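Peer 1: Have a look; sequence and predicted model below, questions after that.
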Amino acid sequence: MNDLNALRTPEGGALLDAVRGTDPARELAVATRLRREHPAELVSAALGQARLRQRAVAKFGAEDAGRMFFTPDGVEQSTRASVAAYRARRFRDLGVTSVADLCCGIGGDAIALARAGIRVLAVDRDPLTAAVARANAEELGLADLIEVREADVTEVDTAGYDAVFVDPARRGGRGRVFDPEAYSPPLSWAVEAALRAPHAALKVAPGIPHEAVPDTAEAEWISDGGDVKEAVLWFGTAPGRVRATLLPGPRTLTGRGLPDPAVRPVGRYLYEPDGAVIRAHLVAEVAEEVGGGLLDATIAYVTADEPRSTPYATAYEITDHLPFNVKKLKALLREREVGVLTVKKRGSAVEPEELRRKALPKPHGSGAVTVFLTRVAGAPAMLLGHPVPARSGPGPLRSAQ
């Protein structure tokens, strides 16, 4: 807390400007020079904050990260700005004008909500975290819309707010917590708080079991740039609905209750569904879009005979279908002068780096190939191909025994 207060003084601000973008390899030299004119504790605090700001750029962007304050846990656990902005727009589109943000952390979601024109009560029980959230609201010019309160969220009266947003802590002393009832506060408490408000959203881990989703909630899985970031349970929207949302965009695929796709032979094209689609159990919806089926009943790879554009899966043209055999793969890569090998796997125990080391110990040229380690109708297999559109037209599909 003392470090935060000191860094917000004119001297602290000048030091933060002086150490901005400092190369970690030069920290000692920079610290030695600055300690001649500034207190050692303040120099150390400025350098530590500079490191956190550099890490935060990936989540908040360079402009905001360069003005905000962070704690190590705050950088690690805060919502990516693009995801928070998307969620804030959903609240706004629901007609929400005020939100009680419980477990607000350093204020990332509160900032997004305020920028969407929504009044926010941001609550966290940790004194330093609440102070950082308050500082961030002030630094970004949003203090008029964000009230930060240091309190136990279970004791906060949310009556009078249009919506509740809860982001429970999902880390304990031993690392990540996977049981929703081991969240802090537990998911059951968060659901009760959600049901007391006209609208609510609960941020949960993307690996939450579908059977743990309340019948009263809409479940949405969100990915950003192909990486699954979180799941959100919405209340006051469409109970029972399942969605997968891909950012940027957004592009949203809604479940229609389709049966599992049929297993079929390997076709000309393979579709790799986005992780949010897989987590949301919406592979059947993608298969219907592309007119395809599954390679294996337990594997989320879709195969089809025709290329069809879909934002919800990455398409590859398959050139070879082989049973799993490292020696055959190695010979094939040498014959085709492959220098870049991308390995993807689903349903295989083989580690991609291990296969890459064995099959391509020395690059043989400039060619590039993607190999899928998977199962086809229950049998271990390797599928070779290229992302679409990597070639002007389909070539022959080769099947080796």
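Peer 2: Sure thing, it's come through. Numbering: from 1, shown residues only.
Peer 1: for the helix or strand encompassing residue 193, packing partners?
Peer 2: Secondary structure assigned from DSSP states H and E places residue 193 in helix 187-195. Packed against helix 187-195, as judged by 3 or more C-beta pairs under 8 Å, 6 or more residues apart in numbering; DSSP states H and E, are the following elements: strand 163-166, strand 199-204, strand 227-235. C-beta here means a position set from N, CA and C on the backbone, and glycine is covered the same way.
Peer 1: how close does the residue positioned nearest the centre of the chain sit to residue 108?
Peer 2: By C-alpha atoms, centre = their mean, the mean C-alpha position of the chain lies nearest to residue 229, the distance being 1.9 Å. To residue 108, residue 229 is 12 Å away according to C-beta to C-beta, to the nearest Å.
Peer 1: which residues are common contacts for the two?
Peer 2: Among the neighbours of residue 229, those also in contact with residue 108 (C-beta atoms under 8 Å, 6 or more residues apart in numbering) are residue 79.
Peer 1: what angle do the helix holding residue 193 and strand 227-235 make?
Peer 2: Our comparison of helix 187-195 with strand 227-235, counting by axes from the mean of the first three to the mean of the last three C-alpha atoms, to 10 degrees, yields an angle of 60 degrees.
Peer 1: residues contacting the spatially closest residue to residue 252 that is not a sequence neighbour?
Peer 2: Distances taken as C-beta to C-beta, 6 or more residues apart in numbering place residue 245 nearest to residue 252, at 4.6 Å, with adjacent residues excluded. The contact partners of residue 245, by C-beta under 8 Å, 6+ apart, come to 86, 220-223, 251-253, 276.
Peer 1: Mind checking which of these land in strands?
Peer 2: Secondary structure defined by DSSP state E assigns 220-223, 251-253 of those to strands.
Peer 1: Phi, psi for residue 37 please.
Peer 2: According to degrees, to the nearest 10, the main-chain angles of residue 37 amount to phi -120, psi -10.
Peer 1: Report pLDDT for it.
Peer 2: In the predicted model, residue 37 carries a pLDDT score of 89.
Peer 1: Check residue 55 too.
Peer 2: Reading off the model, residue 55 has pLDDT 94.
Peer 1: That one looks like it's in a helix, true?
Peer 2: Yes: assignment of residue 55 by DSSP: H, G, I helix; E, B strand; the rest coil places it within a helix.
Peer 1: State the distance from it to residue 3.
Peer 2: 17 Å.
Peer 1: okay, the angle between the helix holding residue 193 and strand 199-204?
Peer 2: When the same axes, to 10 degrees is applied, the directions of helix 187-195 and strand 199-204 differ by 160 degrees.
Peer 1: And helix 187-195, what's buried?
Peer 2: Along helix 187-195, the positions that meet the burial threshold by neighbour count (16 or more other C-beta atoms under 10 Å) are 187, 189-191, 193-194.
Peer 1: Spell out the residue ranges of the strands in the stretch 251-400 of the chain.
Peer 2: Assignment of strands within the stretch 251-400 of the chain using DSSP state E, counting those that start in this stretch yields the ranges 251-254, 269-273, 293-294, 302-304, 313-323, 338-345, 367-376, 379-387, 398-399.
Peer 1: out of the ones you listed, which comes closest to residue 16?
Peer 2: In terms of C-beta to C-beta, the element of these nearest to residue 16 is strand 251-254, at 38.6 Å.
Peer 1: What score does residue 399 have for pLDDT?
Peer 2: Turning to residue 399, the model gives it a pLDDT of 47.
Peer 1: number of nearby residues for the nearest residue to residue 363 once chain neighbours are set aside?
Peer 2: Across the structure, with C-beta to C-beta, 6+ apart as the measure, the residue nearest residue 363 apart from its sequence neighbours is residue 339 (3.7 Å). By the measure other C-beta atoms under 10 Å, the count of residues near residue 339 is 15.
Peer 1: quick one, what contacts residue 339?
Peer 2: With contacts defined as C-beta under 8 Å, 6+ apart, the neighbours of residue 339 are 363-368.
Peer 1: Surely residue 178 touches residue 204?
Peer 2: No: in this structure residue 178 lies outside contact range of residue 204 using C-beta atoms under 8 Å: 10.7 Å.
Peer 1: mind checking how far residue 183 is from residue 234?
Peer 2: From residue 183 over to residue 234 the distance is 17 Å, taken as C-beta to C-beta.
Peer 1: what do you get for residue 12?
Peer 2: Counting by C-beta to C-beta, the gap from residue 12 to residue 234 is 41 Å.
Peer 1: out of these two, which sits in the more crowded spot?
Peer 2: Set side by side, residue 12 and residue 234 give different neighbour counts by other C-beta under 10 Å, the larger being at residue 234 (24 against 19).
Peer 1: wait, the more buried one sits on residue 200?
Peer 2: Yes: in this structure residue 234 lies within contact range of residue 200 using C-beta under 8 Å: 7.3 Å.
Peer 1: re earlier: and the contacts of residue 245, which two are the farthest apart?
Peer 2: Going by C-beta to C-beta, the two entries of the contacts of residue 245 that are most distant from one another are 86 and 253, at 14.7 Å.
Peer 1: Between the two ends of stretch 357-373, what distance do you get?
Peer 2: Across its full length, stretch 357-373 reaches 15 Å end to end, with C-alpha to C-alpha, to the nearest Å as the criterion.
Peer 1: For the remainder of this discussion, apply numbering that starts at 266.
Peer 2: Got it, first residue is 266 now, which makes that one stretch 622-638.
Peer 1: gap between that stretch and the chain center?
Peer 2: Taking C-alpha atoms, centre = their mean, to the nearest Å, one finds the center of stretch 622-638 at 29 Å from the center of the full chain.
Peer 1: what's the answer for stretch 472-488, then?
Peer 2: 16 Å.
Peer 1: contacts for it?
Peer 2: 348, 351, 443, 445, 452, 456, 459-460, 467, 471, 493-500, 502-512, 539-542, 544-546.
Peer 1: what about burial for the residues you listed, which qualify?
Peer 2: In the contacts of stretch 472-488, burial by neighbour count holds for 348, 351, 445, 452, 456, 459, 467, 471, 493-500, 502, 507-512, 539-542, 544-546, counting by 16+ other C-beta under 10 Å.
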